[in-house]
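Colleague: one predicted model, sequence on top.
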Amino acid sequence: MIAVIHEAFPEIQERGCVTEINEKHLYVIEDQTTKKAKFVSKTAENHLHVENSCSFPYYFIQNDACVMQFEDAKQCDYVIFNKLDFYFCEIKVAKNNKTKNNHKINAYKQLESTYKFYNDKISFSNIISHAIIVFPSKRRIIQTSKSTKRKEFKVKYKIDLREGNYIIFE
């Protein structure tokens, strides 16, 4: 899949948008100033935990403002994938339930827009696609998203949509 990504987006290597990850565990926090991903230690504050149980690497792409460089367009923050699974990730830091609901609405649009952008350039026919809205939490959260949106993403795009802060490649 990485070869397909490089062919579709040849500029990502020179822009530094893609990182090959070989570690079993990766902890990510979104820098609130730069809006870029920072890889942190297990004990540091983090927004997303990625676990790799496979014997092969996975790839982390800084999508927002690197692959998709549109100022006013909606795009998700990161794309994380291996040769079997492809995740579109949107980080949302919410102060309360009202802002959390507003963040969800925006996240759905960002994930949908990003999927369409990538789908115009690459085929997802041989890979399982996922979309995840990440709300930071001190504990691991694996949860499905709103039933209607989950169904819409599954039917329209063949994408599993959920909320959480944990991704595992198995």
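Modeller: On my side now, so go ahead.

Colleague: can we go C-alpha only for contacts and neighbour counts from here?
Modeller: Noted.

Colleague: okay, and the helix or strand of this protein with the least pLDDT?
Modeller: When each helix and strand of the chain is scored by mean pLDDT, DSSP states H and E, strand 142-144 comes last, with a mean of 54.

Colleague: any idea of the mean pLDDT for the following helix or strand past that strand?
Modeller: Remark: after strand 142-144, the chain's next helix or strand is helix 147-157, criterion DSSP states H and E. Helix 147-157 shows a mean pLDDT of 89.

Colleague: what element comes up after helix 147-157 heading to the C-terminus?
Modeller: Scanning forward in sequence from helix 147-157 by DSSP H and E, the next helix or strand is strand 159-164.

Colleague: which parts of that following strand are buried?
Modeller: In terms of neighbour count (16 or more other Cα atoms under 10 Å), strand 159-164 has its buried residues at 159-164.

Colleague: what does stretch 102-122 give?
Modeller: Within stretch 102-122, the residues scored as buried using 16+ other Cα under 10 Å are 103-104, 106-108, 110-115, 118.

Colleague: what's the offset of that stretch from the middle of its chain?
Modeller: Put simply, stretch 102-122 sits 10 Å off its chain's centre (Cα atoms, centre = their mean, to the nearest Å).

Colleague: list the contacts of it.
Modeller: For stretch 102-122, contacts defined as Cα atoms under 8 Å, 6 or more residues apart in numbering pick out 4-5, 8, 74-76, 88-90, 92, 94, 131, 133, 149.

Colleague: can I get the residues you listed in TSV including distance to F60 and neighbour count?
Modeller: Converted to TSV, the contacts of stretch 102-122 look like this (distance: Cα to Cα, whole Å; neighbours: other Cα atoms under 10 Å):
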residue	distance to F60	neighbour count
V4	15	12
I5	12	14
A8	16	14
K74	19	18
Q75	15	28
C76	13	28
F88	10	25
C89	10	27
E90	13	25
K92	18	20
A94	24	15
A131	14	25
I133	16	25
K149	25	14
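
Colleague: and the residues you listed, which is the shakiest by pLDDT?
Modeller: In terms of pLDDT, the lowest of the contacts of stretch 102-122 is A94, showing 72.

Colleague: what count of nearby residues applies to the residue nearest to that one when sequence neighbours are not counted?
Modeller: Computed as Cα to Cα, 6 or more residues apart in numbering, the closest residue to A94 that is not its neighbour in sequence is K100, at 5.0 Å. The number of residues packed near K100 is 15, by other Cα atoms under 10 Å.
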